[in-house]
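Chemist: A structural model of the following input is requested.
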Amino acid sequence: MDGWYGNACHNFTLTPGSVKLYAFDSDSQGGWAAAPGSSIPTNDYGSYASTWGEFDFGSTVNSAWSGFDVSAIQAQNADLTVQGMKICSAHGSSTCSSLTSGAEIVAEAYTSDKASVGGIGGNLSPGPVRLAVTIDYSG
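Modeler: Have a look, this model is predicted:
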């Protein structure tokens, strides 16, 4: 779990309108951070502190269910800018998790006041998962 402390496995820059594709095996968990510029902001402890997306695909401990969500918890706790992000299931479901810049509009996403709440975001029954992510989402 040291990936949030400057040990990202992959860094890249997205230009407006660009698309990146990634594939993961079943029973994979992970996440990504997104922010404008060439680096991800960090908090006083060195942890990435931006808007992020996270996922759990075909989880063995959850009877092969999958889940995903957008989170602004770390950015808000560090008093940093919350960037908009939207994640939607693009395979057999229209389930989404999103928030706009500054977390002005929040839908099935984590904010600091909901850090201890479970089950927010997309919860998908067993089977293939395809997610579509919009960075800098504005509603």
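Chemist: Just confirm Ser50 contacts Ala35, I think it does.
Modeler: Yes: in this structure, Ser50 is within contact of Ala35 by CB atoms under 8 Å, at 4.0 Å. Just so you know, the C-beta spots here come from the backbone N, C-alpha and C atoms, and that holds for glycine as well.
Chemist: Of these two, which one has the most company?
Modeler: Ser50 (24 against 20; other CB atoms under 10 Å).
Chemist: residue contacts, Val82?
Modeler: Listed by CB atoms under 8 Å, 6 or more residues apart in numbering, the contact partners of Val82 are 51, 72, 75-76, 99, 101-103.
Chemist: Am I right that it is in a helix?
Modeler: No: Val82 is assigned coil when assessed by DSSP: H, G, I helix; E, B strand; the rest coil, not a helix.
Chemist: Please report how far it lies from Ser101.
Modeler: The gap separating Val82 from Ser101 is 6 Å, by CB to CB, to the nearest Å.
Chemist: same thing with Cys88?
Modeler: As for Cys88, its distance to Ser101 is 18 Å (criterion: CB to CB).
Chemist: Then Thr134?
Modeler: For Thr134 relative to Ser101 (CB to CB), the value is 12 Å.
Chemist: Quick check: neighbours shared by the two?
Modeler: Taking CB under 8 Å, 6+ apart as the contact criterion, the residues that touch both Thr134 and Ser101 are Gly84.
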